[in-house]
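Engineer: Predicted model, plus sequence, below.
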Amino acid sequence: MNFKTSSLTLFVVFGIGLWLIFSSLTGYFNGVDADPRPVTARGDLAQDEQNTIEIFRLNSPSVVYITSIALRRGFFSLNAVEIPKGTGSGFVWDRNGRIVTNYHVISDANKIKVTMADGSTWRAVLIGVAPDRDIAVLQIDAPSSVLRPITIGRSSDLQVGQKVFAIGNPFGLDQTITSGIISALGRQIKSVTGRTIQGMIQTDAAINPGNSGGPLLDSAGRLIGVNTAIYSPSGAYAGIGFAVPVDTVNSTVPKVIKYGHVIKPGIGATLADKRLAERLGIKGVLILAVEADGPAAKAGLHPTMQYMGEIILGDIITAVAGQPVTSYDELRTELEKFEVGQEVSLTVLRGDQLFDVKIHLTAIN
């Protein structure tokens with residue numbers, strides 16, 4: 001027997017020995033009786049946990065899953081093909097089948113589907129939108145038995161630090177609840193139209209793609225905001241989310257239902273945008289032109305004119321009802337606090353003279 005044969009024999013014998021030892025130990029362990037570990041009694045859930053469970057139980061039936069669909073022609077035929085564009089959230093507004101969501105969730109959709117908490121799916125019709133506030137109202141033909149309108153709260157008395165809950169469909173995972181606190185109030189973000197949405201609620205409750213249009217609730221389970229946007233370099237949750245305050249929603253939705261859009265109050269004048277005002281070094285809102293027989297003309301406001309080859313600047317609006325304005329965006333925000341037909345005081349700069357003028361607001365497109 002040479003060295004190689006001897007080594008191979010020794011290796012085989014060693015392997016057989018290990019297998020016999022392992023087999024005997026396995027048989028030993030497998031033969032031992034074993035029972036499940038005893039369960040330790042948990043006791044009652046904490047009051048905070050019970051409240052969260054109750055908020056989800058009562059409000060999740062009001063939250064819906066929205067799918068926006070685009071219609072495209074097939075590559076090899078002329079048949080229309082449905083292509084899912086995105087998903088979002090929404091909530092039941094009333095028992096007439098109206099659903100509230102974000103405008104950006106459905107803005108480019110040819111077809112919209114709404115899935116209720118019970119799993120039923122309904123085709124939605126767009127009633128109207130308020131893009132400057134990122135709000136849209138849909139209509140579904142669902143029976144009132146499956147429609148659970150959400151409970152409306154108030155956002156004017158919110159406080160930084162109070163607890164909030166978000167229910168929605170992040171990444172298509174329907175009926176998800178997250179919790180956090182109000183991190184700040186009075187934030188400003190840009191809407192899809194470029195207009196600034198004022199008074200936004202900032203929260204650290206986890207909000208991810210798919211949560212848009214879903215409700216932000218207080219600890220009493222009342223709607224206090226509509227989750228709209230996140231601030232994140234990666235596009236996912238980073239601890240900063242924003243919601244349109246419910247006071248804005250509650251004043252906007254009825255107008256959208258009635259008119260299909262928000263009727264905006266104006267002064268019957270063409271106003272300079274921010275870039276032009278900055279180029280001219282103006283702090284305020286420059287009047288470029290006034291409509292004949294419009295409120296601005298009737299109030300005697302001066303437009304910008306050209307005379308002998310020179311530009312003569314018109315009146316500059318510096319405040320609305322005592323609230324300073326430095327840009328067109330700020331002016332629009334202040335005017336929208338009033339209704340069409342109401343009288344409002346404007347502070348106007350003409351040359352080096354500052355004065356107030358009363359003006360009745362008119363409807364603009």
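Structural biologist: It's in.
Engineer: CA only for contacts and neighbour counts going forward, please
Structural biologist: OK.
Engineer: Following whichever helix or strand residue 334 is part of in sequence, what is the next regular element?
Structural biologist: Assigned by DSSP states H and E, residue 334 belongs to helix 328-335. The element immediately downstream of helix 328-335 (helix or strand, assigned by DSSP H and E) is strand 343-350.
Engineer: Give the buried residues for that next one.
Structural biologist: 344, 346, 347, 348, 349 (16 or more other Cα atoms under 10 Å).
Engineer: And for stretch 319-329?
Structural biologist: 319, 320, 324, 325, 326, 327, 328, 329.
Engineer: what stretches of the stretch 101-250 of the chain score poorly on pLDDT?
Structural biologist: Scanning the stretch 101-250 of the chain for pLDDT under 70 picks out 230-238.
Engineer: try it again with 80
Structural biologist: Under the criterion pLDDT under 80, the flagged ranges of the stretch 101-250 of the chain are 171-174, 192-194, 209, 229-239.
Engineer: ranges for the strands of it?
Structural biologist: Per DSSP state E, counting those that start in this stretch, the stretch 101-250 of the chain carries strands over the ranges 111-115, 121-130, 135-140, 163-168, 176-190, 196-203, 215-218, 223-230, 241-245.
Engineer: could I get those as a markdown table with mean neighbour count and distance to residue 46?
Structural biologist: As requested, these are exported to a markdown table (neighbours: other Cα atoms under 10 Å; distance: least, Cα to Cα, whole Å):
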| stretch | mean neighbour count | distance to residue 46 |
| --- | --- | --- |
| strand 111-115 | 21 | 33 |
| strand 121-130 | 19 | 36 |
| strand 135-140 | 25 | 37 |
| strand 163-168 | 26 | 16 |
| strand 176-190 | 17 | 16 |
| strand 196-203 | 23 | 24 |
| strand 215-218 | 28 | 18 |
| strand 223-230 | 28 | 24 |
| strand 241-245 | 27 | 27 |
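Engineer: okay if I get these as a markdown table plus distance to residue 314?
Structural biologist: Shown next, in a markdown table, are the strands of the stretch 101-250 of the chain (distance: least, Cα to Cα, whole Å):
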| stretch | distance to residue 314 |
| --- | --- |
| strand 111-115 | 47 |
| strand 121-130 | 31 |
| strand 135-140 | 35 |
| strand 163-168 | 48 |
| strand 176-190 | 29 |
| strand 196-203 | 25 |
| strand 215-218 | 45 |
| strand 223-230 | 38 |
| strand 241-245 | 36 |
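Engineer: of those, which approaches residue 334 most closely?
Structural biologist: Closest of the strands of the stretch 101-250 of the chain to residue 334 is strand 196-203, at 10.2 Å (criterion: Cα to Cα).
Engineer: related to what we said a few turns ago, which two among the buried residues of strand 343-350 are spaced furthest apart?
Structural biologist: Maximum distance among those (Cα to Cα): 16.4 Å, for 344 and 349.
Engineer: and stretch 267-275, how far from the chain's centre?
Structural biologist: Chain-centre distance of stretch 267-275: 28 Å, with Cα atoms, centre = their mean, to the nearest Å.
Engineer: I meant to write stretch 284-295 there.
Structural biologist: 34 Å.
Engineer: hmm, who's touching it?
Structural biologist: Residues from elsewhere that reach stretch 284-295 (Cα atoms under 8 Å, 6 or more residues apart in numbering): 267-273, 277, 296-297, 301-305, 313-319, 325-328, 331, 359-362.
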